[in-house]
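S.K.: Got a predicted structure here, sequence first:
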Amino acid sequence: MNNTKVILTGDRPTGKLHLGHYVGSLRQRVALQHTHQQYILIADLQGLTDNGNTPQKVSNHILEVMADYLATGIDPEKTTLCLQSALPALAELTMLYMNIVTVARVERNPTVKSEIAQKGFSRALPVGFMAYPISQAADITAFQAELVPAGDDQQPMIEQTNEIVRKMNSLTDKPILRHCEALLSQTGRLPGIDGGAKMSKSLGNTLTLSASEDEIHLAVSAMYTDPNHLRVNDPGQIQGNVVFSYLDAFHPCKEKVAAMKAHYARGGLGDRICKNELEECLQALIAPIRTRRAEFIQDKATLLSLLRQGSERAMAVSQQTLYDVKRGLGLPVMF
């Protein structure tokens, strides 16, 4: 097994996982667990940064997300599944890092700026939300992660994490923390089913991994194509066409998709045929995940036990990092 460690911090339990998660990193995670030491963090504390007034929205989805992971092929024998709030070292590392990061630096983070605008926080911005890049840095460094599967919109988070690593290592006699790099998905960001720039739980434009046959049919039927493709024989636009974005991401035969694109672009291929092809593909993809997920979610005691076991393993690793950091800074170590 490769000695490189992998930590994934992007999944907050604020809803069921969706196709954007699957194409963005879940497929990577399933493959990586066979070659790397992998940690998957259910970031419930981070979920509270914009759900502080509705904590039940987060707590209610912790086991839902666990079931999604297992249904897509994550093996708890090969991947350490852990809960953020069960690892006190993460909160303490976050506090230590806060003292070496300025407000101006966090405000410059383009991912934070974009999400603040998207959520319309203005002056009602929770302090925790503003500081979540620092919390992510604590999550990553606590496990000495060197690779972080992430979307391209998360690159600023990786950059800020490495800034914190450099600063902390400069304060200790010898380097303690490791630098990390983003492991980008080969598939770009998946648009929302409404044609929005990003599939997002908060925007309500997702298709979950537990979607029923009817939900899949309705979602595909409503997908944005080319508004100027009024007749079958009209040339169609591929760029910005959500149906083709999804075919690119999920269809198993790239040659067939390429032929469909060429046909659509020159005219003679209708939107309905394209949508039928996509629906058949998504029904085949989601059906077995949905079935496995239903089995897992019925046994919540087992899900809790697996999460507890993973969190215990993760605690030992994260506490060691905290111990090393505090000792390196000359702070008292009381455990």
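M.R.: Sure, I can see it.

S.K.: quick one: the residue lying closest to K174 once chain neighbours are set aside and E312, what's the gap?
M.R.: Residue nearest to K174 in three dimensions, not counting chain neighbours: G328, with 7.5 Å by Cβ to Cβ, 6 or more residues apart in numbering. C-beta here means a position set from N, CA and C on the backbone, and glycine is covered the same way. As judged by Cβ to Cβ, to the nearest Å, G328 and E312 stand 25 Å apart.

S.K.: Next: I176.
M.R.: For I176, the distance to E312 - Cβ to Cβ - is 23 Å.

S.K.: now swap in L125 and tell me
M.R.: Distance of L125 to E312, given as Cβ to Cβ: 35 Å.

S.K.: Equivalent analysis for H61, please.
M.R.: As judged by Cβ to Cβ, H61 and E312 stand 22 Å apart.

S.K.: higher neighbour count, these two?
M.R.: The neighbour count for H61 versus E312, taken as other Cβ atoms under 10 Å, is higher for H61 (21 against 13).

S.K.: ok, E92 touching L322?
M.R.: Yes - between E92 and L322 a contact is recorded at 5.7 Å, counting by Cβ atoms under 8 Å.

S.K.: Who has more neighbours out of these two?
M.R.: Regarding E92 and L322, a neighbour count based on other Cβ under 10 Å identifies L322 as having more, with 23 against 17.

S.K.: On the three-state scheme, L41 is what?
M.R.: Here L41 takes the strand state, with states given by DSSP: H, G, I helix; E, B strand; the rest coil.

S.K.: Identify the single longest helix in the chain, thanks.
M.R.: Longest helix in the chain, counting residues (DSSP state H): helix 300-329.

S.K.: list the buried ones in that one?
M.R.: Residues 303, 306-307, 310-311, 314-315, 317-319, 321-322, 324-326, 328 are the ones in helix 300-329 that count as buried (16 or more other Cβ atoms under 10 Å).

S.K.: quick one: which of these is nearest T79?
M.R.: Taking Cβ to Cβ as the measure, T79 lies nearest G310 of the buried residues of helix 300-329, at 8.1 Å.

S.K.: Using the centroid of the chain, identify the residue furthest from it.
M.R.: Largest separation from the mean C-alpha position in the chain: N233, at 40.0 Å (Cα atoms, centre = their mean).

S.K.: what about the nearest residue to it once chain neighbours are set aside, how many residues close to it?
M.R.: Ranked by Cβ to Cβ, 6+ apart and with sequence neighbours excluded, the top spatial neighbour of N233 is G267, at 4.8 Å. Using other Cβ under 10 Å, G267 is surrounded by 13 other residues.

S.K.: what does L171 give?
M.R.: The burial count assigned to L171 is 12, neighbours taken as other Cβ under 10 Å.

S.K.: surely it meets L329?
M.R.: Yes - counting by Cβ under 8 Å, L329 is a contact partner of L171 at 6.1 Å.

S.K.: circling back: the residue farthest from the centre of the chain is in contact with L269, isn't it?
M.R.: No - in this structure N233 lies outside contact range of L269 using Cβ under 8 Å: 9.3 Å.

S.K.: if I look at A294, how far off is G240?
M.R.: Taking Cβ to Cβ as the measure, A294 falls 35 Å from G240.

S.K.: Now do the helices in the stretch 151-300 of the chain.
M.R.: Taking DSSP state H, counting those that start in this stretch to define them, one finds helices in the stretch 151-300 of the chain at 155-170, 213-221, 242-250, 254-266, 271-298, 300-329.

S.K.: Understood, closing this out.
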